[in-house]
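quick one, fold the following:
(chains A, B and C)
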Amino acid sequence: MASDLYIIVIGCGRLGSYLANQLSSAGNAVVVVDWNERAFSNLSPEFSGFRIEGDAVESAVLRQAKLDKADLVLATTRKDNVNLMVAQVAKVVFSVPRVLARVFNPKREEIYRRLGVETICPTTVAAEVFLRATAPPSAGVSAGVSPAEALR
Amino acid sequence: MREAALLRQRYRAILAYTGLVVALCAALMLTPLMALLVWPEESYLAWHFGIPASLMGGLGIAAWRLLRPRDHVALTTQEGGVIVLLSWLTVCLWSAWPFFFGHGLGLTQALFEAVSGWTTTGLSVVDVTETSHAILLWRSIMQLAGGAGLAIIMLSAITGPTGPALSSAEGREQLVPNVRQSARLVLTIYTGYTLVGVVALLLAGMSWFDAVNHAFCAVSTGGFSTRPDSIGHWDSTVVEAVTLPLMVLGNLSFMTAWLLMHRRFRAAARNGEVRLFVLLVPLCIALLFLLTCRGLYPSLGKGLRVAIFETVTALTTTGYSTVGYGNWNAFGWIVLIVLMVIGGGTCATAGGIKQYRVYLLWKSIVWEVRRALAPRGAVLLCPAQEGDREVFVSEQRLRQIGTFVFLYLLTLTIGTAVMTAYGYGLKESAFEYASTIGTVGLSVGVTSADTPPAVLWVQIIGMLLGRLEFFVILASAAKIVRDGSRMVARVPPIR
Amino acid sequence: MTVLIVGGGRPLYFLCRTFLAKGHNVIVINDDAEECTQLARRLKVTVICGDGSDPATLEEAGAAGADAVLAVTSRDQDNLAICQLSVLQYEVPRTLALVNDPDNEDVFRQLGVGAFAPTRLFASLIEQRTAADAITNLLPVADGKVNVTEVKLSGDSPAAGRALRDLELPANALIAVILRNGDAVVPHGDTVLRTGDRLVLLTLPENHGPALRAITGETD
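Now for the predicted structure:
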């Protein structure tokens, strides 16, 4: 992927921090938002972006993160509803070109996909990986797919 | 993997990165040779730049190639500090070569001049009237590069680490959410200042050579001059008027400059450092003018010019001067000493305790009083303006600042004492050493070709401690000692 | 009308009571088992224990048959999800979300969900201090550009006993409705105002003071 985008990662848990570390090392300008200051300790020493402590549901916090200037927003909190709200706000109010939201509940994911929200459902992705891994071996199917590859 | 082997692996990476930085600085060492094109009579110096540059560069490149980590290695801030310490020491040592072999200085003196260059101090043991142009240019280039910082130089290179370990160890803040982009921006702004400075000084009446050197040393708040009387040589209001804004720009934190460039004037105005500066400068100018300079100089205009220039040069820790201080009264001396101790803006090219720390300590007085007046269960936080946003200052931060200030003043006292032990007067020693650890460069004559080597050594240590802000040196040195002992340990640990 | 309310705490309880009193059928979704038991005991409402923003729970609660859905949880993002799911999946005709962050009122509107911010209302009520009991500021509408105020006419109000056209109301002030003895009357120029009338006054902020003065002789 290009390496000079302005990326905002909402949520600094395991997924958020992993993404932030990778993207920052690749040379992108990364801003991480989390309401809990302790979550930032998940970031590696390589991370050279900015950290914002605040609730992403608040407009003021999103404005502080300069969402209007973002090229990409990744919503990775543990709460589907927060991710969905931030994703929609980013797309509709701040006109961010590309927005991705993690949604755990497959049923919700399906409904929101119809609204045009780009979602990633770890449940279905993991399920597919498991199934592929346990499928009877056939030509061209590799048994191990890393989650990063599956998520791309 | 066992600890010794793990440490060896980490130190291979550390030495590799140190080699990279050192190699880049070696390339810089070849740039003064441009002066030989204009003054071919100085060609004998080509060897004295070429040899150390090649040797230092060769070692650096060798270290990088041989020890470079195969997989990507994430440097911690502590490791960044070790790289900073090792590269600064290496670079300063090799930079002394042209002075030792090419100019005939003693070993201590050559090292002193090199350190004074890289730390942007500006104290000199060299007689500039008898110095070749290439050497003078090398001094200015050292200050320009030292002001930017080795971390910035390395980060702007194409290869190397991608994390913030080095720049945060060297004390550089980030303008944008990516450390490489930020480094490039800082370098761009810095280059911009320099180019504007050269042109402006040319227009003010300096020769090409003088303009280039003085622009380099003003913007880096270094203070080396090509003239023995420094800026006073020209005795020109125009020259002073051009130099002043250059010094202020160099002193301004790059973050503040960034805000101003983006027209966020209100955010910049709320910045604690800016406020301190805006408060302190007019106050000191007024005091100096009324109580010191008024009667000393032939005209009131000159007295005012002196008050303005000397205040700014001391606070920004540049070190250019327009007059000598021998005929100043004690009040004038104390004002200058205080300004030098306060120092410049954080994360800029300046030295001293730094305005941000002084601003926070000042606020902590207010907070203590407020705490005494507040109801018992009240939760009190300590807000301050840093960069472009409000932060809450933790007790730990205040404690660190307090410790830093103590260390600073302790070093100042020791250095002054050493100087007085060698026979210099008390106020001269205090002034000179404040100028040393603040990396200012104003001199009252203690630093000269005749200074005893022991005093020069005390000053060398002072300049390094001041530029690298004490803790990087102390912590990194301690880390090296501890890791070193673990790497060579042959006795198995007690079970 | 069947009203589905998702939320908890006192606001939920009294909302249910209000709707029940008006004769509506109320379904409640709440995620705390203890609270659900209490609600079921006190009110004649259908209580579902679960996450109201989960499509499965909404389906089980009968959102498909609801005429209105009210999302009054303490989290804006959940309220948004509840209303959106109700509309997208079950085509509920009327939805309303409570928002705590007043900035989100506008944001929700841009996303197509009706929202109400009580925090903004409270703030404006406090700001517009009322000197007399006769004046109640109802709400600022249209982002605070229009004030809706209820004014009760007492005996010594200069407006009592006068026709509407004779009042010296400033421009851009309008008496929209007069509440007299429990009836709402839309006035015209000849309507004579009487003591005890409650007037609903529409003003712009700049002429709010003069309009009030013209009617009651007091400023707030």
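
contacting residues for the residue of chain C found nearest chain B?
Proximity of chain C to chain B (CB to the nearest CB) peaks at C:Asp103, 18.8 Å away. Every residue, glycine included, has its C-beta placed from N, CA and C. Shown in contact with C:Asp103 (CB atoms under 8 Å, 6 or more residues apart in numbering or on different chains): A:Glu58, A:Ser59, A:Ala60.

residue 107 sits in which helix or strand?
Defaulting to chain A. In the assignment (DSSP states H and E), A:Lys107 maps to helix A:106-115.

should've been chain C
helix C:103-110.

does B:Val278 belong to a helix, a strand or coil?
In three-state terms, and counting by DSSP: H, G, I helix; E, B strand; the rest coil, B:Val278 is helix.

run a quick neighbour tally on residue 49.
All of this refers to chain A. By other CB atoms under 10 Å in any protein chain shown, 24 other residues sit near A:Gly49.

think we crossed wires, I meant chain C
C:Cys49 has 17 nearby residues by other CB under 10 Å.

state the distance from it to C:Ile29.
8 Å (CB to CB, to the nearest Å).

same thing with A:Arg38?
Using CB to CB, we find A:Arg38 at a distance of 32 Å from C:Ile29.

looking at these two, which one has more neighbours?
Just comparing A:Arg38 and C:Ile29: by other CB under 10 Å the higher neighbour count belongs to C:Ile29, 29 against 9.

beta partners for that one?
C:Val6, C:Ile48 (DSSP bridges).

contacting residues around it?
Here C:Ile29 is in contact with C:Leu4, C:Ile5, C:Val6, C:Ile48, C:Cys49, C:Gly50, C:Asp51, C:Gly52, C:Thr57, C:Leu58, C:Ala61 (criterion: CB under 8 Å, 6+ apart).

10 Å - rerun?
C:4-8, C:12, C:36, C:46-54, C:57-58, C:60-61, C:63, C:69, C:71, C:73, C:82 (CB atoms under 10 Å, 6 or more residues apart in numbering or on different chains).

please enumerate the strands of the chain.
Let's take chain A. Using DSSP state E, the strands of chain A run over residues A:6-10, A:29-34, A:50-53, A:72-75, A:98-102, A:119-120.

should've been chain B
B:383-386, B:389-392.

who are the packing partners of the first one?
Meaning strand B:383-386. helix B:265-270, helix B:272-288, helix B:355-373, strand B:389-392 (3 or more CB pairs under 10 Å, 6 or more residues apart in numbering or on different chains; DSSP states H and E).

could you list every residue that touches the closest residue to B:His214 other than its chain neighbours?
By the measure of CB to CB, 6 or more residues apart in numbering or on different chains, the closest residue to B:His214 outside its immediate chain neighbours is B:Leu201, 5.7 Å from it. By CB under 10 Å, 6+ apart, the residues touching B:Leu201 are B:207-208, B:210-215, B:218, B:234, B:238-239, B:242-243, B:246.

and chain A, which residues reach chain B?
Proximity of chain A to chain B (CB under 10 Å from any CB of the partner chain) is limited to residues A:3-8, A:20-21, A:23-32, A:44-52, A:64-66.

sorry, back to before: check the offset of the helix holding C:Val107 from the chain's centre.
17 Å (CA atoms, centre = their mean, to the nearest Å).

looking at it now, give me its mean pLDDT.
Per-residue pLDDT over helix C:103-110 has a mean of 89.

next, the angle from whichever helix in chain C runs longest to helix A:106-115.
The longest helix of chain C (DSSP state H) is helix C:76-90. Angle, helix C:76-90 to helix A:106-115, by axes from the mean of the first three to the mean of the last three CA atoms, to 10 degrees: 80 degrees.

rewinding a little: other residues contacting the helix holding A:Lys107?
Taking CB under 10 Å, 6+ apart as the rule, helix A:106-115 contacts A:80-81, A:83-84, A:87-88, A:91, A:101-103, A:105, A:117-124, A:127, C:53-56, C:59, C:81, C:84-85, C:88-89, C:111-112.

buried ones in that helix, by neighbour count?
Across helix A:106-115, burial judged by 16 or more other CB atoms under 10 Å in any protein chain shown covers A:Arg108, A:Glu109, A:Ile111, A:Tyr112.

state the distance from the first one to C:Gln110.
What that stands for is A:Arg108. 21 Å.

picking that back up, now do the buried residues in the longest helix of chain C.
Under 16+ other CB under 10 Å, the buried positions of helix C:76-90 are C:76-87, C:89-90.

how about those residues in CSV, adding pLDDT?
Below are those laid out as CSV (pLDDT from 0 to 100):
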residue, pLDDT
C:Asp76, 92
C:Gln77, 93
C:Asp78, 94
C:Asn79, 94
C:Leu80, 94
C:Ala81, 94
C:Ile82, 94
C:Cys83, 94
C:Gln84, 93
C:Leu85, 92
C:Ser86, 92
C:Val87, 91
C:Gln89, 88
C:Tyr90, 90
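
and which of those residues is nearest B:Ser182?
C:Gln77 (33.0 Å; CB to CB).

my guess is that closest one meets A:Asn81, correct?
Yes: C:Gln77 lies in contact with A:Asn81 (CB atoms under 10 Å); the separation is 4.2 Å.

look up how far C:Leu15 lies from the spatially most distant residue from the centre of chain C.
What lies farthest from the middle of chain C is C:Asp166; by CA atoms, centre = their mean that is 32.3 Å. C:Asp166 sits 43 Å away from C:Leu15, going by CB to CB.

neighbours of the residue lying closest to B:Gly272 once chain neighbours are set aside, how many?
Among residues not flanking B:Gly272 along the chain, B:Tyr359 sits closest, at 4.0 Å (CB to CB, 6+ apart). Using other CB under 10 Å, B:Tyr359 is surrounded by 23 other residues.

can you check the one 3 residues further on too?
Residue neighbour count, defined by other CB under 10 Å, stands at 11 for B:Trp362.
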